[in-house]
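In: Fold the following for me, if possible:
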Amino acid sequence: MADAGTPLSEPRSLLAFPPAHAEPIPPRDTRPPFRPVQRPSATRQGARLAPQFETLRDALEQERVQLVESTTMPDPQLVAVFDLAGTVDGFLRAVARMDGLEFLSDLQEDQVEADDDFFYETEGEPSDDDVPQSLYMVMTNAQAVGELVRLFELWQRDESVKFAWGLGPLKQVFGLLRSIRRWGPEDRVRETGLLDQWAEDVQVAGAQGVSRVEIELWHRRDGATRRAAQDEVRSIVQRMGGSVVTSAHVSQIAYHGILADIPIACVQQVLDDGPSAIELLTTERVMLVSPSQPMTFPAAEPVPDVPLEFDQTPADGLPRIALLDGVPMANHAVLTGRLTVDDPDDHTSRYGLAQRTHGSGMASLIAHGDLSTPGQAIPQPIYIRPILEPHPVYARAEAVPRDQLLVDLIHRAFRRVFEGDGAAGPVAPSVRVVCLALGDPARVFIRRLSPLARLLDWLAQKYNIAIVVSGGNVDSRPTIDTTTLADNDERESAALKSLHERARHRRLLAPAEAINVVTVGAVHTDGLSLELPDTVLDLVPNGLPAAYSPVGFGFRRSVKPEILLPGGRQVFHTPPPGQSGVAQLQVVESPAVGPGLRVATPGLAGETNAVSYTCGTSNSTALATRLLSQVFDILEELQHEDDQFRFPDPQYHPVLAKTLLVHAAGWHDDLLVLRDLLGLSGRQTRRELTRILGYGAVRSERAASAESTRVVLLGANTIARDQRNTYRFPLPAALSASTEWRRLTITLGWLSPVNVQTQKYRMARLWFTSSNEDVGVAPNEADHHAVRKGTVQHQVFEGTEATAYADGSALTINVDCRSDGGTLSTQVRYGLAASLEVGPAIRADIHHEIRSRLSEQVRERARVPVR
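Out: Residues are numbered from 1 along each chain as shown. Purely as a prediction, here's the structure:
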């Protein structure tokens, strides 16, 4: 097999696909058989559900009785949770047609165990297979509940009864309804980590002080209703003896948040008596309450007065990259003249020079790469918007401002860049790449999208930009048997198995689950040559995912993080001599000597040539941003040649750059190494490796590049729902009937509109299919289900099978688009990259051959008379 990481010849140019042929998606000849969930009879449903409807009625009546004349909500409401065995596509439309009902949200749960009422059948017999579960949250009042009961009773008597126009889906809802209940106090704290954090707060603060929380209200579309809900929650907080710090509303992502301080005495009540003990967790206006823990970035100890070698070519032009981070040391030797700092909130005044660490490190990685092995400097200045401030307690550490909602801060930052503040125009409209190298440890992704993820998804599509986000740093401390330490292979295997067993505790940190962004994990590598002492253990093989890098999957089991880049090596203390049994290894903190990526940092006395050594997914995110900008450089420099098809218009560069960045990723040898170290086998191996590797490590030398044995074609277009774009990739004659190794890689990337009201969320479902069997290759890397769940489909096909084809044949790639979360009414931009690579045994210049074939097609089209 060819070494995928070593160029086999001189670099060659990228090529453009011939224009796509557009047509409606043809109807499928065969459809997978529909397997309905078996449900109880209407009589059984009546016996089960009538008491639950009555409980809702009683709850609303109790609310009505408790209302006083001064209330802002004269019509009592509550949030009803419809728990269904499956999904009902028309449920939202039916809710919209009933007075007193307002659809709020839905949540598709994991599969649940079958029971006597809801199950699948196999060959006419009940199966033990799990059944799907969906939760629909609906705001309702007494009138609406009464109408639901009336319709339910009609359906009980006659399942074929006709409801009023638009209400027909309710019959399916009644049939699949497992339960109907009230959204309660436990729902408001489930999966938020609030109770655990409050237990810690009480231990630290005792009986005094306050605990800060982020309160997410149910988003109401009517402005007056929304304001009344906020006023009510504010009053509740004040009655508890707390205070509201700030609030924010972003209608496009259905976000309505309040930042508030809650007295520790109320916190203790909840810990003693449960979530129903305080009114904040029982009011119908609140959806979730989460702990407010500002992300903290620890300081890195500097190495002062270091001789630095780096590209000193001055930065020029307009910024392409925006970095949202801490205030940098703009006069650092490697950063002077390279930054445009825009600080409308005056964060700079709160910083001392020695505190400007994280922003300086990220900026230096973007501008130069790892300073142990610096590369060519980014030619444009970097726009920096400070969103961090010095930590109030820890010296030289930085944190997100405590008195602001992060969603609001990030939203204002983007709006200022692309639209401007008030009467002022946009401050950096030339930006095409935004780097957000942070992850929120208080928002571990489980299944619900965080508000910040929803915001980034909306902003990426709104402004047509590429957003790069850190996967977040997770607990990296392995627990291993000390008897394995003597053998390098045994201890590596034991450490990786320990981390893999704890995968559920090493999930993505918000906003890494966002679907339109590129999420970056870290590879355990750096450019520092360092001999480690015997007291230090380097447990992860060089080039594999770092121990601190999170594992997927992402939202709806999509591939996340999509890519991996160097984040720096992290090493561990050797257990003390004589210690036996199982030990949890501790991380060595050595920013002054390494290992790690070498980054710019302020000296303690303000030195402008200090560095430190760090590791983390923030580092890999900065390097991904740097590489993405270099891909933009290549795209913008592409020149049309008269004998070739035209390259895509610049409006497609953001999706093309995203596509080409992922196109350079692959598992390579990591598949075999990880499989053996973890002892994986069987059908789930590929799925487990996809959780760990995503699409794999990016090899920067393969980003937006080609060679004589590897040809890369680019395409881009807009596509509407139910449409197909067909591309043709000319096949080289040298591969016909050959049994030599070859690799086909196809990557499709797009920015999807989002529907925040439904769990399907992604409105545009794009995917490609190809005639890969025409060149004798088969899928070889990421799980084939996961690759279609996000907004990047990346598949690698390899093989040696001899397949004969006629001269002039082409590989067909179909790009299809369907609506997913709601009705897609706009066209969607996408980018497509396809590469064909052959091993050295095929002594042919396939780049030249395919380029010549494309030239022939251009000439042929020019000869066809225009009609």
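In: so how far is the strand or helix carrying residue 384 off the chain centroid?
Out: Taking DSSP states H and E as the definition, one finds residue 384 inside strand 382-386. Taking the mean of its C-alpha atoms, strand 382-386 sits 22 Å from the chain's own mean (Cα atoms, centre = their mean, to the nearest Å).
In: Give me the sheet partners of it and which way each runs.
Out: Sheet pairing of strand 382-386 (DSSP bridges) gives strand 321-325 (parallel), strand 339-341 (parallel).
In: of the ones you listed, which approaches residue 656 most closely?
Out: When the strands paired with strand 382-386 are compared by Cβ to Cβ, strand 321-325 sits nearest residue 656, at 16.7 Å. (C-beta placed from N, C-alpha, C; glycine too.)
In: Please work out the average pLDDT along that closest one.
Out: What strand 321-325 shows for mean pLDDT is 98.
In: That strand: how far from the chain's middle?
Out: Distance, centroid of strand 321-325 to centroid of chain: 18 Å (Cα atoms, centre = their mean).
In: got a list of contacts for it?
Out: Residues outside strand 321-325 that contact it (Cβ atoms under 8 Å, 6 or more residues apart in numbering) are 358-359, 362-363, 366, 378, 380, 382-388, 410, 413, 417, 428, 431-438, 622, 625, 629.
In: Can you list which of those are found in strands?
Out: Residues of those located in strands (DSSP state E): 382-386, 433-436.
In: Redo these as a markdown table? Include pLDDT and neighbour count.
Out: Shown next, in a markdown table, are the ones in strands among the contacts of strand 321-325 (pLDDT from 0 to 100; neighbours: other Cβ atoms under 10 Å):
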| residue | pLDDT | neighbour count |
| --- | --- | --- |
| 382 | 98 | 27 |
| 383 | 98 | 22 |
| 384 | 98 | 29 |
| 385 | 98 | 26 |
| 386 | 98 | 26 |
| 433 | 98 | 26 |
| 434 | 98 | 27 |
| 435 | 98 | 30 |
| 436 | 98 | 25 |
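In: From the residues you listed, pick the one nearest residue 138.
Out: residue 436 (33.8 Å).
In: Kindly state the beta-bridge partners for the closest one.
Out: Beta-bridge pairing for residue 436 (DSSP bridges): residue 469.
In: Could you double-check that it lies in contact with residue 456?
Out: Yes - in terms of Cβ atoms under 8 Å, residue 436 counts as a neighbour of residue 456; the distance is 7.4 Å.
In: where do the contact lists of these two overlap?
Out: 410, 467, 469, 511, 517.
In: ok, for the residue nearest the centre of the chain, nearest residue in space, not its chain neighbours?
Out: The geometric centre of the chain, computed from its C-alpha atoms, lies nearest to residue 513 (Cα atoms, centre = their mean), at 2.8 Å. Distances taken as Cβ to Cβ, 6 or more residues apart in numbering place residue 445 nearest to residue 513, at 4.3 Å, with adjacent residues excluded.
In: List the contacts of the one you found.
Out: So residue 445 contacts 507-510, 512-513, 554-555 (Cβ under 8 Å, 6+ apart).
In: can you tell me which helix in the chain is longest?
Out: helix 42-66 (DSSP state H).
In: Show me the shaky parts of the stretch 551-700 of the chain.
Out: 591 (pLDDT under 70).
In: same deal with the chain?
Out: 1-9, 29-32, 65-75, 109-110, 591, 865-867.
In: what's the closest of the ones in strands among the contacts of strand 321-325 to residue 193?
Out: Looking across the ones in strands among the contacts of strand 321-325 and measuring by Cβ to Cβ, the closest to residue 193 is residue 436, at 21.5 Å.
In: got the buried residues for whichever strand or helix holds residue 631?
Out: Using DSSP H and E, residue 631 maps to helix 617-637. Neighbour counts over helix 617-637 (16 or more other Cβ atoms under 10 Å) mark 617-632, 634-635 as buried.
In: Between helix 617-637 and the next helix or strand after it, find me the angle.
Out: Sequence-wise, the next helix or strand downstream of helix 617-637 (DSSP H and E) is helix 653-663. Helix 653-663 runs at 120 degrees relative to helix 617-637, counting by axes from the mean of the first three to the mean of the last three Cα atoms, to 10 degrees.
In: which helices and strands sit right next to helix 653-663?
Out: strand 466-470, strand 518-523, helix 617-637, strand 710-719, strand 742-750, strand 792-799, strand 828-838 (3 or more Cβ pairs under 8 Å, 6 or more residues apart in numbering; DSSP states H and E).
In: mind giving me CSV with those and columns for distance to residue 158?
Out: Listed next are those as CSV, based on distance: least, Cβ to Cβ, whole Å:
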stretch, distance to residue 158
strand 466-470, 53
strand 518-523, 51
helix 617-637, 58
strand 710-719, 45
strand 742-750, 47
strand 792-799, 47
strand 828-838, 44
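In: if we compare these, which one ends up closest to residue 168?
Out: strand 828-838 (30.7 Å).
In: Partner strands of that closest one, with direction?
Out: Partners of strand 828-838, by DSSP bridges, with direction: strand 710-719 (antiparallel), strand 742-750 (antiparallel).
In: got the angle between the shortest one and strand 792-799?
Out: Relative orientation of strand 742-750 and strand 792-799, computed by the same axes, to 10 degrees: 170 degrees.
In: Buried residues in the helix or strand just after strand 742-750, which are they?
Out: Next helix or strand after strand 742-750 toward the C-terminus (DSSP H and E): strand 764-770. Neighbour counts over strand 764-770 (16+ other Cβ under 10 Å) mark 764-766, 768, 770 as buried.
In: now do stretch 11-27
Out: Across stretch 11-27, burial judged by 16+ other Cβ under 10 Å covers 12-18, 20.
In: would you turn those into JSON lines with secondary structure and distance to residue 152?
Out: Listed next are the buried residues of stretch 11-27 as JSON lines, based on DSSP: H, G, I helix; E, B strand; the rest coil; distance: Cβ to Cβ, whole Å:
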{"residue": "12", "secondary structure": "strand", "distance to residue 152": "68"}
{"residue": "13", "secondary structure": "coil", "distance to residue 152": "66"}
{"residue": "14", "secondary structure": "coil", "distance to residue 152": "61"}
{"residue": "15", "secondary structure": "strand", "distance to residue 152": "62"}
{"residue": "16", "secondary structure": "strand", "distance to residue 152": "59"}
{"residue": "17", "secondary structure": "coil", "distance to residue 152": "55"}
{"residue": "18", "secondary structure": "coil", "distance to residue 152": "58"}
{"residue": "20", "secondary structure": "coil", "distance to residue 152": "50"}
